[in-house]
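> A predicted structure for the sequence below; I have some questions about it.
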Amino acid sequence: MIALDALTLRFGGLVALDAISARFTAPVSGIIGPNGAGKTTTMNVMSGFLTPASGRVLVDGTDLLALPPHRRTRWGLRRSFQREQIADDLTVWENILAMTDNLPLSRSARRAEAAEAMEVAGITALRATPGAALNSFERRLTDLARCLAGRPRVILLDEPAGGLTPDETARLGDLILRLPQICGAQVLVIDHDVDLITRICADTLVLDFGRRIAFGPTRAVLDDPAVKAAYLGVDHA
Ligand SMILES: Nc1ncnc2c1ncn2[C@@H]1O[C@H](COP(=O)(O)OP(=O)(O)OP(=O)(O)O)[C@@H](O)[C@H]1O
């Protein structure tokens, strides 16, 4: 279980997170909300880019914020960013293997982890392809494989389907849905694609102006009038 406990973070006078609490128990859960709602800030707090003024993040009893950021990676936290992090001059294999550099695993174990991640993401045939030669879907799959290598416990995906076609988004969604079973990690997904969130996230947290406006089963949350008013009417194109 991932428990956000009264997370509060300010940028000067702006309250980006206003005592956000939620207990994610589903294998795959979502965080949605209009632009500027605080979604990425939440992931930045979890991964250690930002330190909240107050609040806690507990994962299966571990106080995540008590760990320095590099220890969070060793512990098993992985994340992707809105803009995928593929190095153009490295091959797919090197991009994935690089993620395991600082993990407490032997060289052969790291290679085995990277190979398995590539296999799960269905990109083994692209092993020797440089990042620069990948299309946007292949880049997203490689980015996801980077999150899978090295025994993740929690995977945070920030708009993983950004820039993909509906068909690619559906295929990526299928893969994300399978991840908890394949690698045992709990997954949190931010996306503006409500169809994707509805399909893959059992529970969803909705933020607006740094506040929690709804949390619970995704379909119920999307039917909430406050959510419709704050989110669904907004054009995110
Ligand atoms: N480093 C920063 N300094 C100052 N303000 C920031 C910083 N990062 C984010 N903000 C502000 O905090 C608020 C929350 O931003 P955040 O990026 O978390 O929103 P979001 O819900 O992820 O939005 P989007 O869907 O556009 O990515 C916004 O008002 C944003 O402008």
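Looks like it arrived, so ask away.
> A3 and R23 touch, don't they?
Yes. Under the criterion of CB atoms under 8 Å, A3 makes contact with R23 at 4.8 Å. To be clear about C-beta, it is placed using only N, CA and C from the backbone, and glycine gets the same treatment.
> residues from this protein in reach of the ligand?
Taking CB under 6 Å from any ligand atom as the criterion, the chain approaches the ligand at residues 11, 14, 16, 33, 35-41.
> do that again at 5 Å, thanks
With CB under 5 Å from any ligand atom as the criterion, the chain comes near the ligand at residues 11, 16, 35-41.
> and those residues as JSON lines, adding secondary structure, neighbour count and pLDDT?
Conversion of the residues of the chain next to the ligand to JSON lines gives the following (DSSP: H, G, I helix; E, B strand; the rest coil; neighbours: other CB atoms under 10 Å; pLDDT from 0 to 100):
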{"residue": "F11", "secondary structure": "strand", "neighbour count": "11", "pLDDT": "97"}
{"residue": "A16", "secondary structure": "strand", "neighbour count": "24", "pLDDT": "98"}
{"residue": "N35", "secondary structure": "coil", "neighbour count": "9", "pLDDT": "92"}
{"residue": "G36", "secondary structure": "coil", "neighbour count": "14", "pLDDT": "94"}
{"residue": "A37", "secondary structure": "coil", "neighbour count": "25", "pLDDT": "96"}
{"residue": "G38", "secondary structure": "coil", "neighbour count": "26", "pLDDT": "98"}
{"residue": "K39", "secondary structure": "helix", "neighbour count": "25", "pLDDT": "97"}
{"residue": "T40", "secondary structure": "helix", "neighbour count": "19", "pLDDT": "98"}
{"residue": "T41", "secondary structure": "helix", "neighbour count": "21", "pLDDT": "98"}
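> of the residues you listed, which is the nearest to I123?
Ranking the residues of the chain next to the ligand by separation from I123, with CB to CB as the measure, puts T40 on top at 25.7 Å.
> thank you kindly, that will do.
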